[in-house]
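>>> Got a predicted model here, sequence first, then my questions.
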Amino acid sequence: MTYNNILADENNGITTITINRPSKLNALNKETIEELHNAFDAANTSKTTKVIIVTGSGEKAFVAGADISEFANFSVEEGAKLAAKGQEILFNFVENLSTPVIAAVNGFALGGGLELAMACHFRVASDNAKLGLPEVSLGVIPGYGGTQRLPQLIGKGRAMELIMTAGMIDANQALNYGLVNHVTAQDELIPLCEKIAIKISRNSTVAIGSAIKAINANYKTSVNGYDVEINEFGNCFGTEDFKEGTTAFLQKRKADFPGN
Ligand code: COA
């Protein structure tokens, strides 16, 4: 599929999705959000993609936020619809994918950019990254899940301060807060994400999908996470991956998972 605002490339079981509007610091306009939905959906349903990496093009920004020029004149109803649609097709969608998604945060991750990174399963940052939710400086609040995921990741007090001040933290502060898992030099960012992705891709994709579902259940009020874990644990016993994983262990060889 060809896109106007993103690039998607699969190599060695890893699909890298690059948001490609560098002149606008990769700001998320409507079309980019729709294209991202399609690219994530395609990678998640691909039989060969085992891990997805999402990053921004250029050396300056991951994503500098939702495209302010698109919503500056919105009404109350249009604002609510923008947030609801975005959450549905991109942010909640990414969080609930069964394929692991790593955010490679290569510069500014602001507003919707940090919200996208937080919707990913975990984050790795380059040392020039700057992260924040500056929406209150525009007279609005984060609308793509930022008020929910930021306190989940860094705690309520820190999230309150970061959102209220509309400030930015640097990569090392983000590491200290647990908002990103690793910080590296910019030219090492994608190689490090790929190294982690390869390690992930040696494991059972079915079991990883179950683990994502069970972990996410911890943050949903509508389900009991322990029950989801029991159910997903049980389901694993019916998979070919489980047969292969346990057989390989007993035969003292490396597992070669069929992925079902
Ligand atoms: N929406 C739309 N356009 C954006 C954007 C956004 N969120 N962030 C950056 N851009 C555009 C700028 O308008 C500018 O476009 P132009 O060259 O056509 O005027 C271009 O990207 C480069 O940005 P610029 O502001 O000139 O770069 P800078 O290095 O001086 O500043 C930032 C970088 C990130 C500090 C600054 O762009 C910024 O504050 N962006 C908005 C961040 C934000 O509030 N995000 C939350 C949105 S809800």
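In hand now; what should we look at?

>>> Tell me how many other residues crowd residue 224.
Using other CB atoms under 10 Å, the number of residues around residue 224 comes to 12. In this view, the C-beta of every residue, glycine as well, is placed from N, C-alpha and C.

>>> same thing with residue 84?
A count of nearby residues for residue 84, using other CB under 10 Å, gives 11.

>>> Only C-alpha atoms, please: export stretch 236-254 in CSV.
What follows is stretch 236-254, C-alpha atoms only, in CSV (Å, rounded to 0.1, in the frame of the first residue of the first chain):
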residue,chain,number,x,y,z
CYS,A,236,-2.0,-21.2,25.4
PHE,A,237,-2.4,-24.9,26.1
GLY,A,238,-4.4,-25.4,22.9
THR,A,239,-1.7,-23.8,20.7
GLU,A,240,0.9,-25.4,18.4
ASP,A,241,3.4,-22.9,19.8
PHE,A,242,2.9,-24.3,23.3
LYS,A,243,3.5,-27.9,22.0
GLU,A,244,6.6,-26.8,20.1
GLY,A,245,7.9,-24.7,23.1
THR,A,246,7.6,-27.4,25.7
THR,A,247,8.7,-30.2,23.3
ALA,A,248,11.8,-28.2,22.3
PHE,A,249,12.7,-27.6,25.9
LEU,A,250,12.4,-31.3,26.8
GLN,A,251,14.5,-32.2,23.7
LYS,A,252,17.1,-29.6,24.7
ARG,A,253,16.8,-27.7,21.4
LYS,A,254,15.7,-24.2,20.4
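
>>> Would the lengthiest helix in the chain count as contacting the ligand?
Under DSSP state H, the helix in the chain containing the largest number of residues is helix 30-45. No: applying CB under 6 Å from any ligand atom, one finds helix 30-45 out of contact with the ligand, separated by at least 10.9 Å.
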